[in-house]
Structure formats: C-alpha cells, structure tokens
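Student: sequence first, then the predicted structure, then my questions.
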Amino acid sequence: MAGPDIDYYFDPVCPFAWLTSKWVRSVARQRGYTVNWRFISLRMLNAHIDYESQFPPGYEAGHTSGLRLLRVAARARAEHGAAVVGPLYEAIGAQVFDAEDSEGLDPAERGSRAFVEPLLAEAGLPVDLAEALEDTGWDAELRAETDRALSLTGKDVGTPIVHFRPPEGTAFFGPVISRLPAEADAVLLWDHVVGLASFPGFAELKRSLRERPQLRSFGVAPGEAGMEEDWHGGSRKLRR
C-alpha cells in the first residue's frame with residue numbers, strides 16, 4: 001500500500017500551522033493528495049527556554065495546552081487509527097482560531113476537558129479520550145515524533161513542518177502565511193514552494209515582518225489584512 005503524499009507536522013495551538021494546514025487541505029483536495037497528520041510539540045521545542053524572559057505573557061500556558069491536546073491526539077491515533085487525527089485537528093483548530101469567541105479564549109483553557117470533550121464528539125471520537133490530557137505516558141512518543149520532524153529540517157525552526165512525498169521527498173518548515181490563498185492560488189503557491197524547497201542548495205528565504213494572521217483569534221476577520229508586526233524568531237519573542 002502506497003504511503004501518504006504529505007506528512008504534516010503540527011502543534012494544535014500554532015496559528016501559522018493552522019493557516020498553513022488549511023492551505024494544504026485545499027491543495028490536497030485539488031491534487032488528490034493524501035495527508036498524514038503528525039505531531040510536533042512547541043512546548044518540547046522550547047523546553048530549554050525561560051518563557052518569562054523570552055516570550056510575551058501567555059505563551060507558556062498556550063504551548064503547554066498544545067502539548068496536552070497532542071496527548072489526546074496521540075491516544076486517539078493509537079486507539080482509532082491515523083485517519084482520525086485530521087478531523088480532530090480540524091475541530092480543535094476551528095475552535096481555537098476561527099470561532100466567534102476565540103479571541104477571548106484563555107491559553108490554559110484550551111488544554112481543559114471542558115474544551116476538548118465537545119471537539120472529540122464533533123470529530124466522532126469517544127470523549128473519554130480527554131483523560132490523556134494529563135497522561136505524560138504519551139510524551140515519549142510525542143518527543144520522538146518532534147525529533148523526527150526536526151531531523152528533516154534542522155532544529156532552528158518552528159511549526160509546521162511539511163514533508164512532501166516521504167520518506168525520500170523534500171521537507172521544509174512552513175511556509176508561514178498570514179492569509180489563506182484562493183483555491184486557484186493555493187496550488188500555484190504549492191508548486192512554487194515545493195519547487196524552491198526541492199533545490200538541493202536551498203536553505204532559507206525569510207522575513208520577520210508579518211501580518212497578524214487572518215484569524216478571529218487575532219481579531220482579524222475573514223477577508224481583512226492584519227496589522228504588520230515584527231515576529232522576531234517567529235514567535236514575537238521579547239529577546240532574540
């Protein structure tokens with residue numbers, strides 16, 4: 001049996017991973033690609049960092065809630081198969097970033113049973129999977145998958161990481177986008193990104209100036225362009 005066309009490594013609380021995932025879903029629909037939704041933890045990536053001095057308030061709680069949600073996703077995959085991860089991520093991301101009340105959602109609240117149980121039900125999964133929120137027994141698997149993602153790109157990256165035509169195909173961090181392209185533009189952007197990333201000598205194309213993501217959680221309505229900000233290192237860190 002052929003493997004997936006795309007391995008997509010995500011943390012469910014990363015807004016740019018969410019926007020990029022919606023773009024990848026659009027490309028997959030139009031090209032007939034299959035996507036394997038895999039895990040990378042921002043909390044594990046930043047385990048060595050002093051959040052208080054390096055990040056704005058709320059980042060540690062937010063990244064911790066992402067780790068808790070990934071534990072639930074890992075258990076769902078183990079018990080119900082890899083196919084359930086995509087719908088679960090879609091339900092979580094829509095509530096975290098696109099819901100009318102998402103802008104006021106407390107970062108820690110996203111890692112609670114009250115938050116995740118309705119989303120499990122929406123994805124057609126048993127709500128008792130929420131018991132994994134505090135089960136650190138899943139962390140070794142999540143760390144191994146995070147390490148696997150970083151082995152594809154190097155360690156100085158964030159989320160998402162995309163691996164096209166694994167295991168031999170090209171892999172890259174991002175692309176970081178602040179707006180969702182139209183359907184026709186989505187495949188054009190995909191071809192440009194994959195073409196650039198496939199060149200063996202290519203390493204990086206970057207600018208830290210970004211629009212605030214076109215997500216309700218950032219106060220930016222669909223069709224609007226967010227205010228441009230400098231996201232030092234990709235996370236609005238207080239210090240480099």
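Tutor: Structure's in. What do you need?
Student: in the chain, where's the longest helix?
Tutor: helix 59-80 (DSSP state H).
Student: tell me the helices and strands packed up against that one.
Tutor: Helices and strands touching helix 59-80, by 3 or more CB pairs under 8 Å, 6 or more residues apart in numbering; DSSP states H and E, are strand 35-39, helix 42-45, helix 51-54, helix 85-93, helix 113-122, helix 139-153. Any C-beta I mention is one placed from the backbone N, CA and C, and that applies to glycine too.
Student: angle of that helix against strand 35-39?
Tutor: Going by axes from the mean of the first three to the mean of the last three CA atoms, to 10 degrees, helix 59-80 is angled at 130 degrees with respect to strand 35-39.
Student: what's the helix or strand bottoming out on mean pLDDT in the chain packed up against?
Tutor: Confidence across the helices and strands of the chain bottoms out at helix 51-54, with a mean of 83, counting by mean pLDDT, DSSP states H and E. Packing partners of helix 51-54 (3+ CB pairs under 8 Å, 6+ apart): helix 59-80.
Student: can you pull the buried residues of the helix it packs on?
Tutor: 59-77, 80 (16 or more other CB atoms under 10 Å).
Student: follow-up on the earlier one: quick one: the helices and strands packed on helix 59-80 as a markdown table, columns for distance to residue 216 and mean neighbour count too.
Tutor: Listed next are these as a markdown table, based on distance: least, CB to CB, whole Å; neighbours: other CB atoms under 10 Å:
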| stretch | distance to residue 216 | mean neighbour count |
| --- | --- | --- |
| strand 35-39 | 22 | 22 |
| helix 42-45 | 21 | 22 |
| helix 51-54 | 25 | 14 |
| helix 85-93 | 12 | 21 |
| helix 113-122 | 16 | 18 |
| helix 139-153 | 28 | 17 |
